[in-house]
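Asker: next one to model:
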Amino acid sequence: MKLIDRTKVSSVTRNSKATYDGWGNVATGLGMLRTDKRKHSKFDGQPALDRLTVTALYRNDGFSRRIVDLPVNEMIRKWIEIEGDEDGVLLNELERIKAKPALKELLKWSKVYGGAVMFLGIDDSLTVEQPININSLRDIKFLRVYDRWQVQWQQSDVNMDMTSELFGLPEWFTITPLLNATQSFRVHRSRLIIMNGLDVPDLNKAVMLGWGDSVYQPVFEKFRALNAVYDSVEFVLNDFIQTVISIKGLMDLISSGHEDEALKRVHIMDMTKHIANTVLLDAEGETYQKHSSTVNGLPDVIDRFVQSVSAVTGIPVTLLMGQAPAGLSATGDNDVRNWYDRVASEQSTLLDDPINYLIEILLASKDRKIKGFDAKNPPMIKYVPLWQMTEKETADIHKSQAEADRIYLDTGVIDQTEVAESRFGGDHYSLETTLDKETRREPTLPDVE
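Answerer: You can find the predicted model right below:
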C-alpha cells in the first residue's frame, strides 16, 4: 500500500480512475474509484424541514416534544436573582409583565421553528413603526411571542447604513398574528426581542431569510430510526405466538371448493381451546402446535438507538427516557451535571440579552418609578443554580472549607472578621474569600528630616 500522488499517476491508476490523493493499492483495488466500494459513498443532506413537519413532530411525537421542553423548562425553572434587588422590586416587575412565561414561549418556538420574536407592548407615545424613545417611555404593557413563520420582511426593510450596528439586517418586520390574520402590523426592531434557532452558514441563512434551523433538523433521521425500531418491536410482539394447525387433506378440501369446511374445523378447534383450554384433534392426521418468537437481544437493540438519540440531542439517557441509571445505557451524576452545565451555558447565551433589555426598559419606565437602580447601568443578573446538592454534600463542603479556614487562621493568612464576612456576610453562604484591603494597608511613615 502506498500514498497516491495525483501529480505522478501511473497508467494503471489512470485506468482505475484514482481521482485524488490518498492511500491506494492497485493490486487489491483499495482506493481505486472503480473497485473500491467506499469511494461511491456520499452524504446527502436532509432537506430543510417545513413548518407542518416540525409542528407535527412537536404535537404528536413524545421524544420530539421532550427534547424541546426539557432544556427550555430547565432554563426557566429556577429563574434569576438580581444584584441589589433585596426587596424583589425588579423581580416583581418582571412577574407583572409575565416575562418568565413569555421567555419560555420564545425559547420553545425558536427551537421548534428555527426562530421567534417577542413583541414588546411599550407605551412611549410613538407608533410601533418608530424606534423606542427611552426619554418618553412610560411602561411595558404586555409581551407577545410570534414564531418565525408569522414574521416577514422586505428588502426595503434592511438597514444599509454601513456605520450602523444593524447594517445588513432588517430594521423593520411585518408581523401577522394567526388569530387575526387580517391585522398585520409593521414594527421597528427596537420593539422586538429576536431569537434565532440553530446556527447555519450564511448561505443557508440567506435562503431562510435570516433565520436558523429547527432543533429537529440534525436529529430527524435518528428520531425516524428510533421510532422505526419501536414499530418493529410492536410487530414482533403482535406475532409473538403463532399457532400452526395441520389438517389431513387440507389442500384437497381447498382445491375442491370446500374451504368452508376447513375453516369450520379450525373454528371448532379454536372454540374448544377457549372453552376447556383443551384442543380436540382427530386421531388421524391433525396436529396443533404453537411457535413463539424470541425477543432475545431486542432490549439491547433499542438501547443502542436510544443512546444514538441521546448523543445527537446532548440529553443524558436518564433524563431523555425518565428512568434511573441501569444496564448498558446507565448514566450517572457526571452526565447529568454536564448536561446542567450545558443548560447553564445556554442560559447565558440565549437569555442574558433579552432579560437585560427588559430590565433596562423597566428602569426607564416613568410610570413604574423603580428606585435604587441606575437605568444607564442595569444591575447584574445571576441564574439560580440548576444542580442542587444534597444536604450531606453541602455539609461536607462546609466542613472542608471550615478546616481550610482554620489552617489560614492559625497561620495568620486571614483573620476572623474576613472569614465571617466572606462566608456569611452576603445573602448566601459563600466559598469565596474576600480580604479587607483597608485594614491590611501598611501605615505611611512620617517623613524624617
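Asker: what residues of the longest helix seen in the chain count as buried?
Answerer: The helix that spans the most residues within the chain, counting by DSSP state H, is helix 333-364. In terms of neighbour count (16 or more other Cβ atoms under 10 Å), helix 333-364 has its buried residues at 335-336, 339-340, 343-344, 347, 350-351, 354-355, 358-359, 361-364. (Glycine included, C-beta is placed from N, CA and C.)
Asker: the strands in the stretch 51-200 of the chain, which residues?
Answerer: Here the stretch 51-200 of the chain has its strands, by DSSP state E, counting those that start in this stretch, at 80-82, 115-123, 139-147, 151-152, 172-175, 185-188, 192-196.
Asker: and the stretch 201-350 of the chain, by the same measure?
Answerer: Going by DSSP E, counting those that start in this stretch, the stretch 201-350 of the chain shows strands at 241-246, 287-292.
Asker: I'd like the mean pLDDT over the first one, please.
Answerer: To tie it back to what came earlier, the one meant is strand 241-246. Here strand 241-246 scores 62 as its mean pLDDT.
Asker: ok, now stretch 136-156?
Answerer: Averaged across stretch 136-156, the pLDDT comes to 92.
Asker: from Gly45, how far out is the nearest residue to Tyr230 once chain neighbours are set aside?
Answerer: Counting by Cβ to Cβ, 6 or more residues apart in numbering, the nearest residue to Tyr230 once its immediate chain neighbours are dropped is Ile302, at 7.4 Å. Remark: distance between Ile302 and Gly45 (Cβ to Cβ, to the nearest Å) = 28 Å.
Asker: between those two, which one's more packed in?
Answerer: Using other Cβ atoms under 10 Å as the criterion, Ile302 and Gly45 rank with Ile302 on top: 16 against 7.
Asker: do you know how far the more buried one is from Ile315?
Answerer: Applying Cβ to Cβ to Ile302 and Ile315 gives a distance of 17 Å.
Asker: hang on, the earlier thing: out of the strands of the stretch 51-200 of the chain, which gets nearest to Asp405?
Answerer: Nearest to Asp405, of all the strands of the stretch 51-200 of the chain, is strand 80-82, at 25.4 Å by Cβ to Cβ.
Asker: for the closest one, name the packing helices and strands.
Answerer: helix 89-96, strand 381-383 (3 or more Cβ pairs under 8 Å, 6 or more residues apart in numbering; DSSP states H and E).
Asker: between the strands of the stretch 51-200 of the chain, which gets nearest to Glu129?
Answerer: strand 185-188 (5.2 Å).
Asker: quick one: mean pLDDT over that closest one.
Answerer: If you average the pLDDT over strand 185-188, you get 94.
Asker: distance to Gly372, mean neighbour count and mean pLDDT for the helices and strands packed on strand 80-82 - can I get that in CSV?
Answerer: Formatted as CSV, those follow (distance: least, Cβ to Cβ, whole Å; neighbours: other Cβ atoms under 10 Å; pLDDT from 0 to 100):
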stretch, distance to Gly372, mean neighbour count, mean pLDDT
helix 89-96, 8, 17, 92
strand 381-383, 16, 16, 90
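Asker: output the ones you listed as a markdown table; include the columns distance to Asp260.
Answerer: Shown next, in a markdown table, are the helices and strands packed on strand 80-82 (distance: least, Cβ to Cβ, whole Å):
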| stretch | distance to Asp260 |
| --- | --- |
| helix 89-96 | 75 |
| strand 381-383 | 74 |
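Asker: so which of these gets nearest Ala311?
Answerer: strand 381-383 (26.3 Å).
Asker: what helices or strands is the closest one leaning on?
Answerer: By 3+ Cβ pairs under 8 Å, 6+ apart, strand 381-383 packs against strand 80-82, helix 333-364.
Asker: against which helices or strands is the helix or strand following it packed?
Answerer: Where DSSP states H and E defines the elements, the next helix or strand beyond strand 381-383 is helix 391-410. Packing contacts for helix 391-410, counted by 3+ Cβ pairs under 8 Å, 6+ apart, involve helix 416-424.
Asker: output the helix it packs on as PDB - backbone C-alpha positions only.
Answerer: Output of helix 416-424 as PDB, limited to C-alpha atoms (Å, rounded to 0.1, in the frame of the first residue of the first chain):
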ATOM      1  CA  GLN A 416     -11.700  36.000  61.900                       C
ATOM      2  CA  THR A 417     -13.500  39.100  60.600                       C
ATOM      3  CA  GLU A 418     -12.600  38.300  57.000                       C
ATOM      4  CA  VAL A 419     -13.700  34.700  57.400                       C
ATOM      5  CA  ALA A 420     -17.000  35.700  58.900                       C
ATOM      6  CA  GLU A 421     -17.700  38.300  56.200                       C
ATOM      7  CA  SER A 422     -16.600  36.100  53.400                       C
ATOM      8  CA  ARG A 423     -18.700  33.100  54.400                       C
ATOM      9  CA  PHE A 424     -21.800  34.700  56.000                       C
END
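Asker: now do it, average pLDDT.
Answerer: Mean pLDDT, helix 416-424: 80.
Asker: surely the residue nearest to Tyr230 and Ala225 touch.
Answerer: No: in this structure Ile302 lies outside contact range of Ala225 using Cβ atoms under 8 Å: 11.1 Å.
Asker: quick revisit: need the strands of the stretch 51-200 of the chain in TSV with distance to Thr394 and mean neighbour count, can you?
Answerer: Putting these into TSV (distance: least, Cβ to Cβ, whole Å; neighbours: other Cβ atoms under 10 Å) gives the following:
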stretch	distance to Thr394	mean neighbour count
strand 80-82	18	18
strand 115-123	37	21
strand 139-147	37	18
strand 151-152	46	18
strand 172-175	48	18
strand 185-188	48	16
strand 192-196	35	20
